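> below are the sequence and a predicted model; questions follow.
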Amino acid sequence: MNIILLGPQGSGKGTIARSLAKDFGLIPISTGDLFRESIAKKGKLGLEAQKYMNKGVLVPLDLTIKILTSRINQPDCQKGVILDGFPRSLDQAKALEKIIKIDYCINIDLPHEECIRRVLERRICPKCHQGYNINWVKDNTCPKCGSKLVQRDDDKLEAVKIRLEVYEKTTAPLINFYSDRLLKISGLGSPEDVYKPVKAFLSKLGGKN
Ligand SMILES: [Zn+2]
């Protein structure tokens, strides 16, 4: 069973991916992580992608598809994968169809004000790179090392607003593309609340896959 996760920043995609991995044995895959791992290992595809990344341009689609294919074909992906952050456009979705059968697309819906509210609460430790919610730490200080926590530039209001706009524009066509296998859920509530209908839906399919 192969799943695509769609949802704006702050909608809790990471939590859902982790829960799906735990309950259904699916492997979460992010193309960004694949490239970073390949670069670290000095892999051929990673090094090729790095040339584009260093120039600040998008990695070409065929290269992304190549690295995805090699990951998906590894034995641990037998039960299926969860793709987060790819595809982001109609072209990417069409290219993906050629290498893997996507069974479901889970779309997490969350009002923009709520996405913004959640992202603005994010902080990160500049030393351990661990992420925190500002409400869960004392004095804006890293509980592990005592460093003052900071807000990533990406998590600042203007950046979030721009990303949400881009997300709306690029995702609308994807929702349409996957309309025959779309599971729409609300991102409001606790991570457990959000995950509940997903688990119920996929559990009902039982041994089908
Ligand atoms: Zn720290």
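Received it, and whenever you're ready, just let me know what you need. Numbering: from 1, shown residues only.
> in CSV, list the C-alpha atoms belonging to the helix or strand where L20 lies.
For L20, the host element (DSSP states H and E) is helix 13-24. Extracted in CSV, the C-alpha atoms of helix 13-24 (Å, rounded to 0.1, in the frame of the first residue of the first chain):
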residue,chain,number,x,y,z
LYS,A,13,2.1,15.4,8.3
GLY,A,14,5.2,14.2,10.1
THR,A,15,3.1,12.8,13.0
ILE,A,16,0.8,11.0,10.6
ALA,A,17,3.7,9.5,8.7
ARG,A,18,5.3,8.2,11.9
SER,A,19,2.0,6.7,13.1
LEU,A,20,1.4,5.0,9.7
ALA,A,21,5.0,3.6,9.8
LYS,A,22,4.4,2.2,13.3
ASP,A,23,0.9,0.7,12.7
PHE,A,24,1.1,-0.5,9.1
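> right, and the helix or strand after that helix?
strand 27-29.
> next structured bit after that following strand?
helix 31-40.
> of all the residues in that next one, which ones are buried?
Buried residues in helix 31-40, counted by 16 or more other C-beta atoms under 10 Å: T31, L34, F35, S38, I39. For every residue, glycine as well, the C-beta is placed using N, CA and C.
> tell me the mean pLDDT over it?
Mean per-residue pLDDT for helix 31-40: 90.
> kindly report the same for stretch 112-120.
94.
> relative to the whole chain's centre, how far out is that stretch?
Here stretch 112-120 is found 17 Å from its chain centre; the criterion is C-alpha atoms, centre = their mean, to the nearest Å.
> then it to CSV, C-alphas only?
Once non-C-alpha atoms are left out, stretch 112-120 reads as follows in CSV (Å, rounded to 0.1, in the frame of the first residue of the first chain):
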residue,chain,number,x,y,z
HIS,A,112,-4.4,29.0,7.1
GLU,A,113,-4.8,30.9,10.4
GLU,A,114,-4.3,27.6,12.3
CYS,A,115,-1.2,26.7,10.2
ILE,A,116,0.3,30.1,10.8
ARG,A,117,-0.5,29.9,14.6
ARG,A,118,1.2,26.5,14.8
VAL,A,119,4.3,27.4,12.8
LEU,A,120,4.8,30.6,14.8
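> enumerate the residues of this structure near the ion.
C125, K127, C128, C142, K144, C145, S147 (C-beta under 5 Å from the ion).
> pLDDT weak spots in this protein?
Residue ranges of the chain with pLDDT under 70: 206-209.
> give me the neighbour count for the nearest residue to H112 once chain neighbours are set aside.
Counting by C-beta to C-beta, 6 or more residues apart in numbering, H112 lies nearest to L164, which is 5.4 Å off, once chain neighbours are set aside. L164 has 18 neighbours, counted by other C-beta atoms under 10 Å.
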